[in-house]
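Peer 1: one predicted model, sequence on top.
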Amino acid sequence: MQELKIKGIYKHFKGDYYLVEDIAKDSETLQEVVVYRKLYEDGALWVRPKEIFLSEVDHEKYPKVTQKYKFELQNIKRVAN
């Protein structure tokens, strides 16, 4: 399983980008969840169990997807001035 980078920008295998804000714990189950923000439209916050956020794409269900993980960290470099 891949590592999670807080404040990292991740690409979902369907194409959109998200900013990981933090990791939280579900108050009922104590399961770790990833708190992440859409980087499009309204910029809403979402949560997803960490295990699912970091899991691999189901390539039987999505055979044409080349991305290995559901969310993959992007190496975005600063634009020079």
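Peer 2: Now that the structure is in, tell me what you want to look at. Quick caveat: nothing in here was measured; it's all calculated off a predicted structure. Residues are numbered from 1 along each chain as shown.

Peer 1: going forward, measure contacts between C-alpha atoms and count neighbours the same way
Peer 2: Noted.

Peer 1: scan the protein for its longest strand.
Peer 2: strand 17-25 (DSSP state E).

Peer 1: pairing partners for that one, with directions?
Peer 2: strand 9-12 (antiparallel), strand 32-38 (antiparallel) (DSSP bridges).

Peer 1: now do the buried residues in it.
Peer 2: Buried residues in strand 17-25, counted by 16 or more other Cα atoms under 10 Å: 17-24.

Peer 1: what about this structure, any weak spots by pLDDT?
Peer 2: Applying pLDDT under 70 to the chain picks out residues 1.

Peer 1: buried set for stretch 34-50?
Peer 2: Those buried within stretch 34-50 under the rule 16+ other Cα under 10 Å are 34-38, 47, 49-50.

Peer 1: helices of this structure, start to end?
Peer 2: Listed in chain order, the helices of the chain (DSSP state H) span 50-53.

Peer 1: center of it - which residue?
Peer 2: Residue closest to the average C-alpha location in the chain (Cα atoms, centre = their mean): residue 71, at 4.2 Å.

Peer 1: ok, now which ones touch it?
Peer 2: Taking Cα atoms under 8 Å, 6 or more residues apart in numbering, we find residue 71 in contact with 10-13, 53-55.
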